[in-house]
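Asker: what's the 3D shape of this:
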Amino acid sequence: MANNTDTKVITGKVRFSYLNVFAPKAMDEGSEPKYSATLLIDKSDEKLLSVLNKAIENAKVVGKSKLADKKGNIPANIKLPLRDGDLDRPDDPAMAGKYFINCTSKLKPGIVDRNLDPILDQDEFYSGCYGRASINFYAFNVGMQKGIAAGLNNLQKLEEGERLAGGASAESDFGGENAFDEEDMF
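Answerer: Got it, this is the predicted structure:
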């Protein structure tokens with residue numbers, strides 16, 4: 001029989017996107033603000049994908065009472081947290097060749113660097129950096145929707161990456177061929 005510890009995963013290296021981990025944010029007007037992160041997982045990472053799928057299956061067992069129909073069966077069409085970026089987000093280049101998981105929490109996640117030192121600066125932990133995540137899967141049954149969701153526990157930054165949030169740095173906007181030239185003013 002599965003138990004709650006069988007639904008927790010410490011990932012290998014993933015890329016972080018859509019980060020709201022320093023302050024909670026409501027996804028829709030009137031909804032409860034939550035902390036959130038999207039984990040981007042290479043489709044070639046068979047080891048991590050296997051671990052994630054096993055934990056999702058364990059969450060189905062643990063949460064069967066929330067998911068089962070009147071006959072005691074879990075429907076095949078429940079919502080699952082591991083999604084295909086190529087199919088679900090074809091217009092997002094960061095999702096190409098990736099699976100993704102949206103994770104949320106009412107509690108602020110712990111965020112540490114490679115040495116386990118806390119990261120407090122939002123500029124140091126950003127959409128596009130790479131690291132590991134501690135997540136747990138659980139069953140939900142809200143209104144007409146049933147499925148497995150991913151809870152966000154803690155995050156660890158391992159390395160830098162190209163920022164996904166868009167925008168340019170002040171140095172790139174005003175340096176190089178855009179450097180200030182007083183002759184251009186007159």
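Asker: By mean pLDDT, flag the weakest helix or strand of this protein.
Answerer: Here the helix or strand of the chain ranked lowest by mean pLDDT, DSSP states H and E is helix 170-174, holding a mean of 69.
Asker: Pairing partners for the spatially most central residue of the chain in the sheet, please.
Answerer: In the chain, the residue lying closest to the centroid (CA atoms, centre = their mean) is residue 38, at 2.0 Å. Judged by DSSP bridges, the bridge partners of residue 38 are residue 17, residue 102.
Asker: Double-check it against residue 99; I have them as touching.
Answerer: No: with contact defined as CB atoms under 8 Å, residue 38 does not reach residue 99; the gap is 10.8 Å. (Each C-beta comes from the backbone N, C-alpha and C, glycine too.)
Asker: tell me what the helix or strand harbouring residue 61 is packed against?
Answerer: Applying DSSP states H and E as the criterion places residue 61 in helix 46-62. Secondary-structure packing of helix 46-62 (3 or more CB pairs under 8 Å, 6 or more residues apart in numbering; DSSP states H and E): strand 8-10, strand 34-42, strand 130-142, strand 145-159.
Asker: any idea which of these is most buried?
Answerer: Mean neighbours per residue, mean count of other CB atoms under 10 Å, is largest over the helices and strands packed on helix 46-62 for strand 34-42, with a mean of 21.
Asker: helices or strands up against that one?
Answerer: strand 14-25, helix 46-62, strand 98-105, strand 130-142, strand 145-159.
Asker: rerun at 10 Å
Answerer: Under the contact criterion of 3 or more CB pairs under 10 Å, 6 or more residues apart in numbering; DSSP states H and E, strand 34-42 touches strand 14-25, helix 46-62, helix 85-88, strand 98-105, strand 130-142, strand 145-159.
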